[in-house]
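Asker: With the sequence up front, the predicted model follows.
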Amino acid sequence: MEDNKPGAGKGRSIRHEAALAADEILRGEGYASLVIHRTLRRMDEQAPVEERDRRFFTSLVYTVVKHRETIDERIGALSKTPISRIRPYVLACLRIGAAQLMYMEGVRPYAAISESVELVKRSGMKGLAPYVNGVLRGIQKMDPPADADEADLPVWIKESLSEDYGEDKLRQLLETMDTVRPLCLRLNLTRGSRQEMPEKLKRQLEEQTGRPALLMEGAICPEAVYVHHPGDISRLEMFQKGEISVQDESSMAAVLALDPQKGEKVLDLCGAPGGKSCFCAERMENEGYISCRDIHPHRVDLIRQNAERLGLTILHPGEGDALKPCPEDAEAFDRVLLDAPCSGLGILRSKRDIAEHRSASDVEELSALQETMLETAAAALKPGGRLVYSTCTLTKKENDLQVEAFLAKHPEFELLDIGNLFRKCDPEEVTLRQTATLWPVNEGHDGFFVAAMEKKPRQI
């Protein structure tokens, strides 16, 4: 083992944990950023992880996730056993070994191969060590991959986004795919001031982790704060007292566009796990009524848990199918939020498995669902009320074109200009028409789409 190399200080644990973390992400069981944060936190609880090992671990996980397709192609070309039949942990070890050999210039090939072999031996599968050694040595002899600087994404995604926005925007998206995202927190400003709360958060983070905490202000929402190496947020006193929540700033932007006011009646049609509804309640200073719905009972429970932790009494969670209008909802709400199910291309770096499991046909099916849900939302809104439609994807078919089609069918609605909400953003971060398409930012928010529409008052 090379003790002077990153990852060597905890030789087995760093690479072992990277193999497990990457496997969890690729199987679609966790967002990349959250899996990485959680794993590092757990390792810190056992013994503080040095900064260079944190960087090595994070880089290794993101490299495997980013280049999974090419890595698997090379493993498959050298393995007599098909990828689908390789034991999961052995495949995970092969992937991290291959990732180091193919993409991480700072790692010596000997270390990449020998450590992967050792992990397999120590896992009780010593008989497979020669197999792992042979595959990785074969990969070592291959030419460098052509996609070293480009994320592996299915062709349909690249073609769709290139057609919608051009090659520059596609390249911008690809460049963010393996960036390490800081965690975004939402300050509950009903519990403190924007000036005092970040300092209080910084102090609690440093007390918990024993290292300096780096905080960064949001670019869109005054409630947004980004945190690097946050430790265990759920154990912070501020979290337990409902002073902070975990929520991406792009998601917060939908609530800014909705602009809920004290005393109003608000409907969140696809509300679980409740982040946007809770943010609405905080902005309304817990005065009014918010119906927050989801079709799945266990997700309704998540809404309820979030509201209880934050002490929000105006939030009323319940089961509801956004595809089926309720007669009692007819023109009953001042504001309606539809954060619709979508293809999720704006959050690819956090949930890389989306690219593996989505197809172009899914966009067509989701667009049909979104169209129906918009009809449900429109029926529930009072004349003079505001409807916000949002997604965490980037395709125009699900976003701008969906809104254009809705407005063509509903002349009683007009599109509102929400561009003033994003004036602080760099032009490369947000595409503004009257709608807003947020692009993933290396040190900031995920990709998102927001449109706000007003239902015209009836003429007397």
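Answerer: That came through fine.

Asker: only C-alpha atoms for contact and neighbour calcs from this point on.
Answerer: Noted.

Asker: Tell me where the stretch 151-300 of the chain has strands.
Answerer: Taking DSSP state E, counting those that start in this stretch, the strands of the stretch 151-300 of the chain run over residues 183-187, 214-217, 224-228, 244-246, 265-268, 289-294.

Asker: Which strands and helices lie in contact with the last one?
Answerer: If I follow you right, that is strand 289-294. strand 265-268, helix 275-283, helix 297-310, strand 315-319 (3 or more C-alpha pairs under 8 Å, 6 or more residues apart in numbering; DSSP states H and E).

Asker: at 10 Å what do you get?
Answerer: If contacts are counted by 3 or more C-alpha pairs under 10 Å, 6 or more residues apart in numbering; DSSP states H and E, strand 289-294 sits against strand 265-268, helix 275-283, helix 297-310, strand 315-319, strand 333-339.

Asker: same check, this time on the first one
Answerer: Packing partners of strand 183-187 (3+ C-alpha pairs under 10 Å, 6+ apart): helix 32-46, helix 197-209, strand 214-217, strand 224-228, helix 237-240, strand 244-246, helix 249-258, helix 275-283.

Asker: Quickly compare the ones you listed and say which is most buried.
Answerer: helix 275-283 (a mean of 25; mean count of other C-alpha atoms under 10 Å).

Asker: for Val49, helix, strand, or coil?
Answerer: coil (DSSP: H, G, I helix; E, B strand; the rest coil).

Asker: Keeping just the C-alphas, turn stretch 273-285 into PDB.
Answerer: Extracted in PDB, the C-alpha atoms of stretch 273-285 (Å, rounded to 0.1, in the frame of the first residue of the first chain):
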ATOM      1  CA  PRO A 273     -42.200  15.400   0.800                       C
ATOM      2  CA  GLY A 274     -43.500  18.800   1.600                       C
ATOM      3  CA  GLY A 275     -40.500  21.100   1.200                       C
ATOM      4  CA  LYS A 276     -42.300  23.700  -1.000                       C
ATOM      5  CA  SER A 277     -45.500  23.700   1.100                       C
ATOM      6  CA  CYS A 278     -43.500  24.200   4.200                       C
ATOM      7  CA  PHE A 279     -41.600  27.100   2.600                       C
ATOM      8  CA  CYS A 280     -45.000  28.500   1.600                       C
ATOM      9  CA  ALA A 281     -46.200  28.300   5.200                       C
ATOM     10  CA  GLU A 282     -43.000  30.000   6.400                       C
ATOM     11  CA  ARG A 283     -43.400  32.800   3.900                       C
ATOM     12  CA  MET A 284     -47.100  33.200   5.000                       C
ATOM     13  CA  GLU A 285     -45.900  33.400   8.600                       C
END
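
Asker: Could you measure from Gly30 over to Met142?
Answerer: To Met142, Gly30 is 32 Å away according to C-alpha to C-alpha, to the nearest Å.

Asker: Identify the residue nearest Gly30 in space, chain neighbours excluded?
Answerer: Glu24 (6.4 Å; C-alpha to C-alpha, 6 or more residues apart in numbering).

Asker: next one: Ala436
Answerer: The shortest distance from Ala436 to any non-neighbouring residue, by C-alpha to C-alpha, 6+ apart, is to Val450 (5.3 Å).

Asker: Please, which helix or strand holds the one you found?
Answerer: For Val450, the enclosing helix or strand under DSSP states H and E is strand 448-455.

Asker: quick revisit: for the helices and strands packed on strand 289-294, give me a markdown table that also has distance to Glu428 and mean pLDDT.
Answerer: Conversion of the helices and strands packed on strand 289-294 to a markdown table gives the following (distance: least, C-alpha to C-alpha, whole Å; pLDDT from 0 to 100):
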| stretch | distance to Glu428 | mean pLDDT |
| --- | --- | --- |
| strand 265-268 | 30 | 98 |
| helix 275-283 | 25 | 97 |
| helix 297-310 | 34 | 93 |
| strand 315-319 | 36 | 95 |
| strand 333-339 | 24 | 98 |
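
Asker: Now tabulate these in a markdown table and tack on distance to Ile75.
Answerer: Below are the helices and strands packed on strand 289-294 laid out as a markdown table (distance: least, C-alpha to C-alpha, whole Å):
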| stretch | distance to Ile75 |
| --- | --- |
| strand 265-268 | 46 |
| helix 275-283 | 41 |
| helix 297-310 | 39 |
| strand 315-319 | 46 |
| strand 333-339 | 40 |
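
Asker: closest to Ala19 out of those?
Answerer: Comparison of those against Ala19 by C-alpha to C-alpha identifies helix 297-310 as nearest, at 29.9 Å.
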